[in-house]
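Asker: Just to be clear, the model below is a prediction. Sequence and coordinates:
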Amino acid sequence: MVPDLQCRGFPDPEMSQKTAISDQNTAVEEIYPFTDLPIDIRAELDRCFMKLGDVLELVYGSVISLPKPAGEPLDVFAGGVLLGTGEVIVLNENFSVRIAAFAEGDRKVAMPPLYGESKQVSESLKDMSLQSGDPGTLALLLDQMVCVGVVVGRSRLPLEKLLKLTTGSVLELERTLKQPVEVLVNDQVLAYGEVVVVDGNYGVRIQSVIRGSYFGKVQRPASLSTIQ
């Protein structure tokens, strides 16, 4: 017995194009009310994992070695999501970043999170009294790995302009040539420093450390003359 076969023709190119245009127009209509929404842009040098105890022991002059080879492009984030990579340039005496490539899906998964487990660790530290807390519990917390990020600069763009970015677009960052980079833990500033090269990889030498409540939010300090 010969089975019945369903014959399907090739898709109509014109119909496929019309469908794509229709889908695009629908997406534009849904986004239109939010085109003026400001989106935070962040240019990161790299991220690495450190023990919480080592992070809390950072002092002036400490050097954090990063896994990324010197000369590699920065990672550019938009609203906390990896947008792509870019190269650093100078524009109007400010650091800027030129978009080199846009991120793919697997690249987003590969990025270590700044938020997440490190948030749980810092909240645990806030909730416990170091004077009366269990020393064993504190030792376990200090041995936990947290993600440390180094931010070269920040900016803010309306959603409409963000969606129009292409390879080669330039984003001016809110950081002058003399201002230090930010060292983040749990997406909050812990220290400031200068970019160095350690055994062929990027690194950051600590210039000032924020003391007080654990990983508390602070204001950017005045520019440091040692930052080039």
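Answerer: Arrived safely.

Asker: Low-confidence regions, the chain specifically.
Answerer: For the chain, the stretches with pLDDT under 70 are 1-32, 105-136, 211-228.

Asker: what is Ser208 paired to in the beta sheet?
Answerer: Under DSSP bridges, the beta-bridge partners of Ser208 are Tyr192.

Asker: Ala101 now?
Answerer: Here Ala101 sits in beta bridges with Thr85, going by DSSP bridges.

Asker: Do a quick rundown of the helices in the protein.
Answerer: With DSSP state H, the ranges of helices along the chain come out as 13-31, 52-56, 105-110, 117-127, 135-142, 159-163.

Asker: So what touches the last one?
Answerer: With contacts defined as Cβ atoms under 8 Å, 6 or more residues apart in numbering, helix 159-163 is touched by 31, 34-39, 41, 78. For glycine as for every other residue, the C-beta is placed from the backbone atoms N, C-alpha and C.

Asker: filter those to the buried ones?
Answerer: 39, 41, 78 (16 or more other Cβ atoms under 10 Å).

Asker: Next, work out how far apart the first one and Val198 are.
Answerer: With distances taken as Cβ to Cβ, to the nearest Å, Ile39 is found 33 Å from Val198.

Asker: and what of the second one?
Answerer: Plainly put, Ile41 is 27 Å away from Val198 if you go by Cβ to Cβ.

Asker: Same list (the contacts of helix 159-163) but as TSV, adding distance to Lys68.
Answerer: Listed next are the contacts of helix 159-163 as TSV, based on distance: Cβ to Cβ, whole Å:
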residue	distance to Lys68
Ile31	33
Phe34	33
Thr35	34
Asp36	35
Leu37	31
Pro38	29
Ile39	25
Ile41	19
Ala78	20
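
Asker: Now for those residues: which two are most distant?
Answerer: The distance between the two most remote of those (Cβ to Cβ) is 17.9 Å, for Ile31 and Ile41.

Asker: how about the strands in the chain?
Answerer: 38-51, 63-69, 74-78, 81-91, 94-102, 145-158, 170-176, 181-185, 188-198, 201-209 (DSSP state E).

Asker: Mind giving me the packing neighbours of the last one?
Answerer: Just to be clear, that refers to strand 201-209. Where contact means 3 or more Cβ pairs under 8 Å, 6 or more residues apart in numbering; DSSP states H and E, strand 201-209 is packed against strand 38-51, strand 63-69, strand 181-185, strand 188-198.

Asker: Understood, closing this out.
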